[in-house]
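Student: output the structure for:
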Amino acid sequence: MRPIGFSTGALAYADFARGLEMVRRHGLHVVELSALRQNELVPMLDAIPHLDLAGLHYISIHAPSSFDPAWEITLRKRLGDGVHRGWPVVVHPDAITDFGLWRELGETVCIENMDKRKPIGRTAEELSRVFRELPKATFCFDIGHARQVDLTMTEAYLILREFGPRLRQVHVSEVNSRSKHDALSYSSMIAFREVAHLIPEQVPLILETPVCESDMDTEINKVRDALPLNLETMVA
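Tutor: Below is the predicted model:
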C-alpha cells in the first residue's frame, strides 16, 4: 500500500500545528509541514523541536511559495540548520533567485513542478534547466499541476520518465483553471491513472486537497483509487 498523508496547509490554512494534529488523529504516518507564506516559516521551524512527531515515517517541509529576494539568504540558512533531520524541503523553482545558495543543500532541496501561471518548471524541458543548476536536488511531482499544464497527461508522462530517479514525494490534488487546489473529481482520477505505474510504491503521496477533517478518509480512498498499485484492482 502506498504511504499517504496530507499537507498541513491543505487541512488548516496557515496553522501547521492544527493540520499536524488532524493527520495524527487519523493515524497517518506521512505529513508535509507547510509554510507557504514567508511569515509562516520561522515560527514553524522554531516549533518543530517541540512537536509530537512520534509514529511519523515521512516528514517534509514546504518552503514559502514566494519570498523577498533580500530574505533568501536568511531562508536558506534557517532551512540549512535543519538538514541533519534528513527531511526534504519542497521549493518552487520560480521563487529561487540565487541557485548557488540552494545548491549547497544538495538532495535536501526537493524541486516541485509548477502550474501554468509560472514562468519556469512547468514541463520536462523547463525542469531540466532547473536541475542543471541543482544537480543533486530531488523531485516533488505535483500531478495536479502536470494535468493542468497538459490535460492529455503527456507532459506528466515525460516528467516522470525523465525525473523518476529523483522522485521523493508526490503532491496530489485537482488543480483548477485558476491554479487553486480542489478535491479530486472523477475526471482527474481517470487522468491520474494514466501515469500511476510510473510512481514507485514506496514514494509518499501528499494530499493537497482542501478538505475538512470529516472528509479526509473519503479523499484518501479517492487518491488510492486514482493512483493504484495494480490497475486490475482499481474500482471502476
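Student: which other helices and strands contact the host helix or strand of residue 191?
Tutor: Here residue 191, judged by DSSP states H and E, is contained in helix 186-193. Packing partners of helix 186-193 (3 or more Cβ pairs under 8 Å, 6 or more residues apart in numbering; DSSP states H and E): helix 143-149, helix 216-226. Glycine gets a C-beta too; all of them are placed from N, C-alpha and C.
Student: next helix or strand past that helix?
Tutor: strand 205-207.
Student: please convert the helices and strands packed on helix 186-193 to CSV, extending it with mean neighbour count and mean pLDDT.
Tutor: Listed next are the helices and strands packed on helix 186-193 as CSV, based on neighbours: other Cβ atoms under 10 Å; pLDDT from 0 to 100:
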stretch, mean neighbour count, mean pLDDT
helix 143-149, 25, 97
helix 216-226, 18, 97
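Student: got TSV for those, with distance to residue 169 too?
Tutor: What follows is these, written out as TSV (distance: least, Cβ to Cβ, whole Å):
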stretch	distance to residue 169
helix 143-149	11
helix 216-226	13
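Student: how about those, which one is nearest residue 2?
Tutor: Closest of the helices and strands packed on helix 186-193 to residue 2 is helix 216-226, at 7.0 Å (criterion: Cβ to Cβ).
Student: ok, residue 160 - contacts?
Tutor: Contact partners of residue 160, counting by Cβ atoms under 8 Å, 6 or more residues apart in numbering, are 141, 167, 195, 198, 199.
Student: of all those residues, which two lie farthest apart?
Tutor: Across the contacts of residue 160 (Cβ to Cβ), the longest gap, 11.6 Å, separates 167 and 195.
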